[in-house]
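Peer 1: what follows is a predicted structure for the sequence shown.
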Amino acid sequence: MLYWLTVFSDGGDFFNLFRYITFRAGGAFFTALIFGFIFGQPLINLLRARQKHGQPIRDDGPQSHIETKAGTPTMGGVLILGALLTSTLLWARLDIGYVWMVLFVTVAFGAIGFTDDYHKVTKNNHAGLSGRFRLLIGFLIAGVASYWATWMHPAELQNQVALPVVSMLWNLGILFIPFAMIVIVGAANAVNLTDGLDGLAIMPVMIAAGSLGVIAYAVGRTDFTEYLGINYVQGTGEILIFAAGLIGGGLGFLWYNAPPAAVFMGDTGSLALGGALGAIAVATKHEIVLGIIGGLFVVEAMSVIIQVGYFKMTGNRVFLMAPIHHHFEKKGWAEPQIVIRFWIISLILALIGLATLKVR
């Protein structure tokens, strides 16, 4: 919205700053951060008043969760989404379709998560919506977003996926839409599975968002794409503003989610943010690179798939408990120890993913 202040610019005044994506990204970051600080405590107070029992805790989970996390309110993702939407609508160019596509996925998956959280707290049961129903709605949303992105991509890039390290694209043909849908739904659910300890999911999400924001900015500039040997997609640079708003909103939330958490983001936040990461990857054609940058989320999701599959085949378990962060809890690792080490792993993987842009 503020971009249109450039109509008052003669090219050498203050209003000219709004032409620069980097300046507006900074504005989005601070807007979201301040939003989180202002509305964080009032939202927590409201959630505590409305949720008698807080987030339902799994009976088969670590005993420490039952002792320390019972009664903590959930749906804190509303704070992140509020900060993210406000900052993006205020600072991004709203005539760029990719911005609306990413916002659509974020809000739609947030709505699924909110409904799921609402069922959990009103029924005081951790089950929530059925997994099949969540997947069905998720794939419908991802299908719309994938078709939308394909329609906006230039003809020479439609159905193409960028390969890391090598300067080439992989044409998936008619398989691209299903592939993109899996990326978006998979990212949403992988982040959702990771969100099991105080602060565990939000920092890796911010790291991944920052990395994807840099990629979106690079992909949206011809000089960068020519230098790096990557695909050019006009308009994706505006996604950097979305990513900056996500980081600002995430930090505002982390202020209250740091151990011991005053509020959980719940499925409202984890599904929305994971879907957003997948949508950015699809918009920039860097779906495979997302698998590197978000490698922690991949490991968390795979640990559940392996655990469930192996148990069905043999009746035995590979891990003491899945997702894998609970395995380390069962082994005696302290919660802050797991969280910080997983943050470090996320940062390393993000740097590796960004390095693939230059190593071509």
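Peer 2: Thanks, I have it.
Peer 1: from here on, just use CA atoms for contacts and neighbour counts.
Peer 2: OK.
Peer 1: do a quick rundown of the helices in the stretch 201-350 of the chain.
Peer 2: 202-219, 222-228, 239-257, 266-284, 287-293, 295-314, 324-330, 335-358 (DSSP state H, counting those that start in this stretch).
Peer 1: what packs against the second one?
Peer 2: Using 3 or more CA pairs under 8 Å, 6 or more residues apart in numbering; DSSP states H and E as the contact criterion, the neighbours of helix 222-228 among helices and strands are helix 202-219.
Peer 1: would you check that A188 makes contact with L271?
Peer 2: Yes. A188 lies in contact with L271 (CA atoms under 8 Å); the separation is 4.6 Å.
Peer 1: so between the two, which is more surrounded?
Peer 2: More crowded of A188 and L271, by other CA atoms under 10 Å: L271, with 33 against 29.
Peer 1: so the top helix by length along the chain versus helix 239-257, what angle?
Peer 2: Ranked by number of residues, the top helix in the chain under DSSP state H is helix 21-50. Angle, helix 21-50 to helix 239-257, by axes from the mean of the first three to the mean of the last three CA atoms, to 10 degrees: 30 degrees.
Peer 1: hmm, L197 and P260 touching each other?
Peer 2: No. In this structure, P260 is not within contact of L197 by CA under 8 Å, at 9.7 Å.
Peer 1: who's more crowded, those two?
Peer 2: Per other CA under 10 Å, whichever of P260 and L197 has more neighbours is L197, with 22 against 14.
Peer 1: who's in contact with the more buried one?
Peer 2: Contacts for L197 (CA atoms under 8 Å, 6 or more residues apart in numbering) come out as E335, V339.
Peer 1: tell me the secondary structure at it.
Peer 2: Counting by DSSP: H, G, I helix; E, B strand; the rest coil, the backbone at L197 sits in coil.
Peer 1: which pLDDT value goes with it?
Peer 2: What the model reports as pLDDT for L197 is 92.
Peer 1: so where's the stretch 151-300 of the chain uncertain?
Peer 2: Counting by pLDDT under 70, the stretch 151-300 of the chain has no low-confidence residues at all.
Peer 1: can you pull the contacts of the nearest residue to P204 once chain neighbours are set aside?
Peer 2: Once flanking residues are discounted, P204 sits nearest to S346: 5.6 Å by CA to CA, 6 or more residues apart in numbering. Shown in contact with S346 (CA under 8 Å, 6+ apart): P204, I207, A208, I293, G294, G295, L296.
Peer 1: how about the fourth one: what's its closest non-neighbour residue?
Peer 2: So that's I293. Excluding the flanking residues, the one nearest I293 by CA to CA, 6+ apart is A350, at 4.2 Å.
Peer 1: about what we covered before: okay, the residue nearest to P204: pLDDT?
Peer 2: For S346, pLDDT reads 98.
Peer 1: what's the answer for the one 5 residues further on, then?
Peer 2: Note on L351: pLDDT of 97.
Peer 1: that one and D223: what is the separation?
Peer 2: Distance, L351 to D223, using CA to CA, to the nearest Å: 22 Å.
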